[in-house]
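>>> next come a sequence and a model predicted from it.
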Amino acid sequence: MTSASPASPETPRRLIVGISGASGALYGIRLLQLLRGSSIHTHLIMSQAARITLAHETNFKVADVEALAGTVHPIGDIGAACSSGSFRTLGMVVAPCSVKTMSEIATGVTGNLLSRAADVVLKERRRLVLMLRETPLHLGHIRSMAAVTEAGAIVYPPVPAFYARPASIEDMVDHTLGRVLDLFDVDLGTVRRWTGERSRPSA
């Protein structure tokens with residue numbers, strides 16, 4: 001009689017959320033808000049530039065954003081748990097992602113915990129989604145996008161889906177983040193899904 005092999009432990013429902021200095025800090029903030037009431041434990045990493053962008057674009061203080069996360073890691077803490085592949089996660093979302101951060105990840109030359117954690121996610125073959133915020137793009141940007149995609153990341157510019165007929169910026173942000181979470185098989189009910197049927201305006 002052969003003994004049954006032990007069941008493999010379920011992957012902990014942890015998601016790393018990186019916020020870089022690109023415009024669009026609201027995406028990272030709202031992602032933390034959406035996940036706060038879920039079963040997913042978030043690990044937040046904010047760059048120094050993100051703190052500056054936060055002050056320019058929102059009324060949130062750094063402490064307000066950190067309070068939304070399950071765990072906060074300082075950008076310079078290269079010994080944090082999420083800097084190791086042995087720390088199991090669902091993956092990572094960088095929302096928003098600057099070209100600088102994307103380029104660091106694409107080359108593997110990681111200068112801080114944000115890009116290091118993303119590099120770890122790639123080497124462990126986990127899901128990495130980069131919400132790239134830049135336009136227009138020059139050839140160097142496009143080459144970095146190609147390189148990071150070849151390494152296994154998903155480049156996900158936050159392009160609004162107008163078929164969902166958003167009534168506000170919040171609607172657009174929530175729909176976009178819902179589609180990002182779809183990539184992790186997480187559905188928080190923020191996506192108005194396309195059914196193939198056109199809704200007709202009421203008479």
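On my side now, so go ahead.
>>> sec struct for residue 191, please.
At residue 191 the chain is in coil, as set by DSSP: H, G, I helix; E, B strand; the rest coil.
>>> nearest residue to it in space, please, no chain neighbours.
Leaving out its chain neighbours, the residue that sits closest to residue 191 by C-beta to C-beta, 6 or more residues apart in numbering is residue 178, at 3.7 Å. To be clear about C-beta, it is placed using only N, CA and C from the backbone, and glycine gets the same treatment.
>>> any idea of the pLDDT on that neighbour?
Per-residue pLDDT puts residue 178 at 96.
>>> repeat for residue 12
On the pLDDT scale, residue 12 is placed at 71.
>>> what does the one 5 residues further on give?
Model confidence at residue 17, given as pLDDT, is 98.
>>> that one against residue 46, yeah?
No. Taking C-beta atoms under 8 Å as the definition, residue 17 is not a contact partner of residue 46, at 9.0 Å.
>>> what residues are shared contacts of those two?
Here residue 17 and residue 46 have residue 28 as joint contacts, going by C-beta atoms under 8 Å, 6 or more residues apart in numbering.
>>> tell me where the chain has strands.
Counting by DSSP state E, the chain has strands at residues 14-19, 41-46, 71-73, 91-97, 127-132, 154-155.
>>> can I get those strands in TSV with distance to residue 55 and mean neighbour count?
Formatted as TSV, the strands of the chain follow (distance: least, C-beta to C-beta, whole Å; neighbours: other C-beta atoms under 10 Å):
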stretch	distance to residue 55	mean neighbour count
strand 14-19	13	27
strand 41-46	12	22
strand 71-73	18	18
strand 91-97	15	29
strand 127-132	20	24
strand 154-155	27	16
